[in-house]
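Q: what would the 3D arrangement of this be:
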Amino acid sequence: MNKYFLYTSATPAYGGGKPPKSLEIPRANSGGQTGNDAEPVAGDRFLVASGKGGSFDCIIPHSFILKEIRPSGAVLELERSYMNDVSFDKARAIFNRGFSTGMNQVTQKEYEDVVALMGGALLSEDELLKHVKKFISARGYYFSDETIANYHICMKTRPFVILAGLSGTGKSKLSQLYAEAIGHTVQNGRYLRLAVRPSWNDDRFLLGYLNSITGEYVTEPAVEFVINAEKDRENLYFFCLDEMNLAHVEYYFSQFLSAMEEENASDRRIYLYSDVAQKRLQAQGKPVDVDRIAIIPDNLLFTGTINVDETTQPISDKVIDRANTIEFFDIELSKVPDRQPTPEPVRVSNSTWNNYRVLQPENTCRPKVMEINEILNKSGLGLGYRVLREIELYMGNSAGLLDANAAFDLQVKQRILPRVRGTAAILATLRELIAYMKAHNLNRSGVRLEEMEGRLKRDGYTSFWR
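A: Numbering: from 1, shown residues only. Next up is the predicted model:
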């Protein structure tokens, strides 16, 4: 008869991501409270708790089976993955007792009750995207399968995506409905859509400001949203900056752009006020009730929508280099569906989201990127390390969702072509790029380059933006 166990370890901390197919519990950690029954044997089932700061934090969303006992420890084999991890606060209500570090025997009912909190078996990405499409369609909107998959992959690759196009083409709706389909809404406080105003000329419109006279920090909805996301690492948070190019993006969003460069979430710091100001106010008996530093956590995802018209500001390379740009110009009105009853959301937690992410770059496309870079260098438009790395990350995250050639074509269009602009001096470069795209069957990028060549001949100047 199978027995059931909870293995607890505060280190290493669980950071999401794909689970290992096997996991070895060191002999030194195999103690714990195994109860009066015999020691674990092959076939027994395990849950695994992880944590941070020397204490248990959550039970990770995977079940394991004991494969064998070795002199070095017990080897667990992955049995099944689930949708959500379980915080230890929730688990305490089931166990109603403490646990020591190591192997702890639990009852079958306790084991099953914890698994029930994990929200069912983990959906494949293909199943998840079918659900998102069905959800969006039921709300009366249409986006192609490629657009939905592309947006999903872009968000996995880097937590900042730009949706560009004409007004009324569904840019902000894609952001909102995608978030709602996976359980994150305005109502539960995990989706924020903020309209950018032309007067935004520094980051206080997002971050608020310190009143040095009263010692009060006056917050704005954006910084409150960031702080809430950092406190609630269990859930995803979606932040949509609507019409973000009504003001110069670098003026009000520069701290965010810089912070998102850091690989480690704990290093993505936004400074709200200075250390000197904090010490001065403390000396005056006016402690500030908001921490000096806000962290941009890895469960916070940004989308910016931009309209391409005469009322907006140009997007600089600093912004373009840090985001995928998805275009919305051609709307297939004949495919817009009638509204239907909306299906129930499928809640995707932060741990589930990390299960879908691929952190290892796929570098088989590097020779092509280098060839394109050589062409661009002839006009002084070469690429940097960031663009190369994130193209490779996109390729890794697109596996199984998009054809490899289509994925690379989208990356050329979204990450490379927005940098291409100039006068008649770049005509030879444009033509060489067009020839390269045709030779490698990169049709999306080739069509856009031909449009750019046409505008260059007509206007004497061209850029990616229509």
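
Q: show the contacting residues for the closest residue to Asp298 other than its chain neighbours.
A: Nearest residue to Asp298 in three dimensions, chain neighbours excluded: Ala265, at 4.3 Å (Cβ to Cβ, 6 or more residues apart in numbering). Using the backbone N, CA and C atoms, a C-beta is placed for each residue, glycine as well. Contacts for Ala265 (Cβ atoms under 8 Å, 6 or more residues apart in numbering) come out as Ile295, Ile296, Pro297, Asp298.

Q: switch those over to TSV; also include pLDDT, secondary structure and distance to Asn245.
A: Below are the contacts of Ala265 laid out as TSV (pLDDT from 0 to 100; DSSP: H, G, I helix; E, B strand; the rest coil; distance: Cβ to Cβ, whole Å):
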residue	pLDDT	secondary structure	distance to Asn245
Ile295	94	strand	27
Ile296	95	coil	21
Pro297	93	coil	26
Asp298	91	coil	26
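
Q: so which pair among the residues you listed is furthest apart in space?
A: Farthest pair in the contacts of Ala265 (Cβ to Cβ) is Ile295 and Asp298. Separation: 9.8 Å.

Q: hang on, isn't Phe225 packed against Leu241?
A: No: using Cβ atoms under 8 Å, Phe225 is not in contact with Leu241, being 11.4 Å away.

Q: more neighbours: which of those two?
A: Neighbours per residue, other Cβ atoms under 10 Å: of Phe225 and Leu241, the larger number sits with Leu241, 27 against 21.

Q: I'd like the next helix or strand past the strand or helix carrying that one.
A: Using DSSP states H and E, Leu241 falls within strand 237-242. Per DSSP H and E, the first helix or strand lying C-terminal to strand 237-242 is helix 249-259.

Q: by how many degrees do that next one and strand 237-242 diverge?
A: Computed by axes from the mean of the first three to the mean of the last three Cα atoms, to 10 degrees, the angle separating helix 249-259 from strand 237-242 equals 160 degrees.

Q: tell me the secondary structure at Gly304.
A: Recorded secondary structure, Gly304: strand (DSSP: H, G, I helix; E, B strand; the rest coil).

Q: Glu146 versus that one, what's the distance?
A: 21 Å (Cβ to Cβ, to the nearest Å).

Q: looking at these two, which is more packed in?
A: Neighbour totals were compared for Gly304 and Glu146, and Gly304 leads with 26 against 15 (other Cβ under 10 Å).

Q: if I look at the residue lying closest to that one once chain neighbours are set aside, how far off is Ala294?
A: Nearest non-adjacent residue to Gly304, counting by Cβ to Cβ, 6+ apart: Met244, 4.1 Å away. From Met244 over to Ala294 the distance is 19 Å, taken as Cβ to Cβ.

Q: show me what counts as buried in the helix or strand harbouring Leu427.
A: For Leu427, the host element (DSSP H and E) is helix 427-439. For helix 427-439, burial by neighbour count (16 or more other Cβ atoms under 10 Å) applies to Thr429, Leu430, Glu432, Leu433, Ile434, Tyr436, Met437.

Q: contacts for it next, please.
A: With contacts defined as Cβ under 8 Å, 6+ apart, helix 427-439 is touched by 371-372, 375-376, 378-379, 381, 412, 420, 442-443, 445-446, 449-450, 452-453, 456, 462.

Q: can you give me the buried ones in the longest helix that the chain contains?
A: Assignment by DSSP state H gives helix 443-459 as the longest helix of the chain. Residues of helix 443-459 classed as buried by neighbour count (16+ other Cβ under 10 Å): Arg444, Ser445, Gly446, Arg448, Leu449, Met452, Glu453, Leu456.

Q: domain ranges for this structure?
A: With domains defined by automatic domain parsing, the chain comprises 4-116, 125-335, 358-463.

Q: tell me how far the ends of the second one are from each other?
A: So that's domain 125-335. 24 Å (Cα to Cα, to the nearest Å).

Q: cool, the first one as well?
A: End-to-end distance of domain 4-116: 15 Å, with Cα to Cα as the criterion.

Q: run the chain-centre distance for it.
A: Relative to its parent chain, domain 4-116 has a centroid offset of 27 Å by Cα atoms, centre = their mean, to the nearest Å.

Q: kindly report the same for the last one.
A: Going by Cα atoms, centre = their mean, the spacing between the C-alpha centre of domain 358-463 and its chain's C-alpha centre is 23 Å.

Q: could you pull up the mean pLDDT of that domain?
A: Throughout domain 358-463, pLDDT has a mean value of 95.

Q: again, but for stretch 161-176
A: Per-residue scores along stretch 161-176 average to 90.

Q: check the burial of Thr303 by counting its neighbours.
A: Neighbours of Thr303 (other Cβ under 10 Å): 28.

Q: so for Phe253, what's the pLDDT?
A: 94.

Q: surely Glu146 touches Asp409?
A: No: in this structure, Glu146 is not within contact of Asp409 by Cβ under 8 Å, at 10.5 Å.

Q: quick one, helices of the stretch 101-250 of the chain?
A: Assigned by DSSP state H, counting those that start in this stretch, the helices in the stretch 101-250 of the chain fall at 108-116, 125-138, 145-157, 171-181, 204-207, 221-231, 249-259.

Q: so what secondary structure elements neighbour the second one?
A: If contacts are counted by 3 or more Cβ pairs under 8 Å, 6 or more residues apart in numbering; DSSP states H and E, helix 125-138 sits against helix 145-157, helix 171-181.
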